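J.: For reference, the sequence and a predicted model appear below.
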Amino acid sequence: MTRRPRSVSIYQSLLVSLALVIVLLGGATLALTFVGSKQTAETLAGVILEKTVSQVDLNLRQFFEPATRDLELLRGWEGAGLLAAEDAAAMNRLLVPLLRANRQLSAIMVADERGHEHIVFHFGDSWRSRQTRRDTWGPRAAWLEWSEDGRPPIPSSRPSDYDPRERPWYRGALAARGAASGPAVYWTEPYMFYTARAPGMTAAMAFEGRDGRVRVLGVDVLLTDISAFTTSLRAGANGGVMVLTDDGLILGLPHDPRYRTAAAQAPALLQRPEDLDTPMLARASRALASRSPQGTGPIRLRSGAEPWWVDLRPFPLGPDRRLQIEVMVPESDLLGGLAHLRLGIGLVMAVALGLGMVYSVLLARRYSRPLAALVGESERISRGDLEGGPPSPSSIREVHRLTEAHERMRGSLKTLLKLERDLQVARRIQQDTLPERIPAVPGFDIDAWNEPAEQTGGDTYDVIGCRRVPGESGPRIVATDAERAVLLLADASGHGIGPALSVTQVRAMLRMAVRVGEDLPAIVRHLNAQLCADLTEGRFIAAWVGLLDARARTLTSFSCGQGPLLYYRATAGACVTLETDTVPLGCLDDLAVVPRDPIRMEPGDVFAVLSDGVIDSESATGERFGTRRVIDVVTAGRGASAAELTAALRRALAAFTGGAPPADDRTVVFIRCG
């Protein structure tokens, strides 16, 4: 039988703990005060230096991580077919908001193995973009220049021997991709940007694009803001911080009256500490550089008559690039007048020990009573009793705040219970908008499946069967013997209640358009116009709309950023991937809608539309499910019904992900010609 540990009352525990803390604190303080001043200085130095290093490390991460996130975002756009590098205006509309959102970025580059590049520069209120086509234009480049005043961009063509494939960021990204066997972020060494006339670094990523060509994405990161932060930061009262490259060049200057302005900082950037007229900086850098690789912790050195404590911490940017954070603090900031206060502190501590023992008894009694009452309230809440409790029996402000926190917790729990019920209602409403059963279209077998990532998802689908009835102005929506069927798969950016409302709105607008007899191009234009008016900036909806004609056995469709689209031809026994037709709905006010030629489907042909939640599903090792596995499911299931294809795909996903819940909404529509 297991013995329960001996328990004590909160009064006894507080009394013993307070007495023990007072005795230990008094003894430790006396020891540190009289015999441990050097150790105290080292400990304080370590604390201050560590805190400062952590603060600088956090700031540097916040400074550099947006560049990495933007590269991943650009790679996702390329995968969705949004990076149309041949269309300068469309590229500028995509890239300029990224530069506006990150003030430390000065340029974004999109290049490929042919020597094609699109680059956007930011100069205060003015903008420029340049397109390079080495294989067709040769030594010339196309420029666009514009400003924030709304005037049209000014195009020009200029001679240029620039080849992106020769740039260090391009070559470095290719090498990093080869070393990592996939996309990896490569950081160049710091250098002076030719256009911005300021020090910076370029982050780049290479990967294989949708067309099979190697793409290299790059962002130029200005480093001037690092000094703006480090010059305002002090370690202690008079210490400072520097940020250096791995080979000792200065990227962040320390606090110094000489470096108050950006103009004063510029000449000192990318210099070495010994090049500045500050002996302490050079001495600290030499001492840290000579430390053994296994050496850790602060180093004590002298600059003139003043002892200083210094430490160095690496800041990794990638496998082949890192920075150094160097912190310095004078010992006088740590000790102050401690030597003159030792005797006084000893006397005060002796008296304080006696008084503290007496006060600990009173304090334990003062806190134990209200805390015991709060424990009782917590137990009552844990049993589900959410009614208000008695008033606090204490005059202590924190106890009152704990009591108020109990009341807020009761209210929050009530709200959470209501929110849970509301989410369940929202999920039922959204699920009710999905077709209860797929309309029967002669000659075709249709099936669809949706799995949200949360209780309410950002995906939806619809299959609307319709037939013309004499005497009626518009087509009648029917569940059987449909002459035609309008199909939808929509994927709003994000998932949750907001995207669920957006895709539900799209589904409702589509049904209204079908009832009034709109054709496919008009339906897409109306949907886009309404979403441009309704969606907030940065939100969009990828959608595929199809029109299935039972008599002609044709499928006419239009994809707004929704892919991939897979078409399996039974006669050829092969599956092809079709590209999207344009950007997602809600991105452009003037959306050109030109549906692709109708596909005449033969018996055994299968057309599949999938949301990115299916393709981007990951295994436990981080591998993507990908389009190839979907094609394998369709090819292996030739002759199977649409419902059997759906079941096979779901089994393949479950086996690949180990049954893990989806990170993004999953939706698929299968159309099989009978």
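T.: Thanks, I have the structure now. For clarity, every value in this text was computed on a predicted model and none was experimentally measured.
J.: wait, doesn't Trp544 sit right on Thr556?
T.: No: contact criterion Cβ atoms under 8 Å: Trp544 and Thr556 do not qualify, at 11.7 Å. From N, CA and C alone the C-beta is placed, and that goes for glycine too.
J.: who's more crowded, these two?
T.: Trp544 (24 against 18; other Cβ atoms under 10 Å).
J.: partner residues bridging Arg300?
T.: Beta bridges link Arg300 to Trp309 when assigned by DSSP bridges.
J.: all numbers from here: first residue = 2
T.: New numbering, starting at 2: the last item is Arg301.
J.: give me the number of residues near it?
T.: Neighbours of Arg301 using other Cβ under 10 Å come to 14.
J.: Would you confirm that it contacts Gly47?
T.: No: using Cβ under 8 Å, Arg301 is not in contact with Gly47, being 11.3 Å away.
J.: Just checking, which helix or strand succeeds the strand or helix carrying Ala509 along the chain?
T.: Taking DSSP states H and E as the definition, Ala509 sits inside helix 498-516. Note on helix 498-516: by DSSP H and E, the next helix or strand toward the C-terminus is helix 521-535.
J.: now the strands: where do they sit in the stretch 202-351 of the chain?
T.: 215-223, 241-246, 251-253, 300-304, 307-319, 322-331 (DSSP state E, counting those that start in this stretch).
J.: Who are the contact partners of Tyr163?
T.: 133, 142 (Cβ atoms under 8 Å, 6 or more residues apart in numbering).
J.: and the gap between the closest residue to Glu645 other than its chain neighbours and Thr647?
T.: Computed as Cβ to Cβ, 6 or more residues apart in numbering, the closest residue to Glu645 that is not its neighbour in sequence is Gly638, at 6.3 Å. Between Gly638 and Thr647 the distance is 10 Å, computed by Cβ to Cβ, to the nearest Å.
J.: do Arg508 as well
T.: 20 Å.
J.: ok, now Thr53?
T.: 57 Å.
J.: Between these two, which is the more surrounded one?
T.: More crowded of Thr53 and Thr647, by other Cβ under 10 Å: Thr53, with 24 against 20.
J.: ok so Asp448 is a helix residue?
T.: No: according to DSSP: H, G, I helix; E, B strand; the rest coil, the state of Asp448 is strand, so it is not within a helix.
J.: quick one: low-confidence parts of the stretch 452-601 of the chain?
T.: Scanning the stretch 452-601 of the chain for pLDDT under 70 picks out the ranges 456-458, 495-497.
J.: could you show me where the strands are in it, in order?
T.: Going by DSSP E, counting those that start in this stretch, the stretch 452-601 of the chain shows strands at 460-468, 477-478, 485-493, 542-550, 555-561, 566-570, 575-579, 600-601.
J.: who wins for proximity to Arg667 among those strands?
T.: Among the strands of the stretch 452-601 of the chain, the nearest to Arg667 by Cβ to Cβ is strand 460-468 (7.2 Å).
J.: Report all helices and strands that the closest one contacts.
T.: The contact analysis (3 or more Cβ pairs under 8 Å, 6 or more residues apart in numbering; DSSP states H and E) places strand 460-468 against helix 398-434, strand 445-452, strand 477-478, strand 485-493, helix 498-516, strand 667-674.
J.: how big is the angle separating the second one from strand 460-468?
T.: Using axes from the mean of the first three to the mean of the last three Cα atoms, to 10 degrees, the inter-axis angle of strand 445-452 relative to strand 460-468 is 150 degrees.
J.: same deal with the fifth one?
T.: Taking the same axes, to 10 degrees, one finds that helix 498-516 is oriented at 10 degrees with respect to strand 460-468.
J.: And for the last one?
T.: Orientation of strand 667-674 against strand 460-468 (the same axes, to 10 degrees) gives an angle of 30 degrees.
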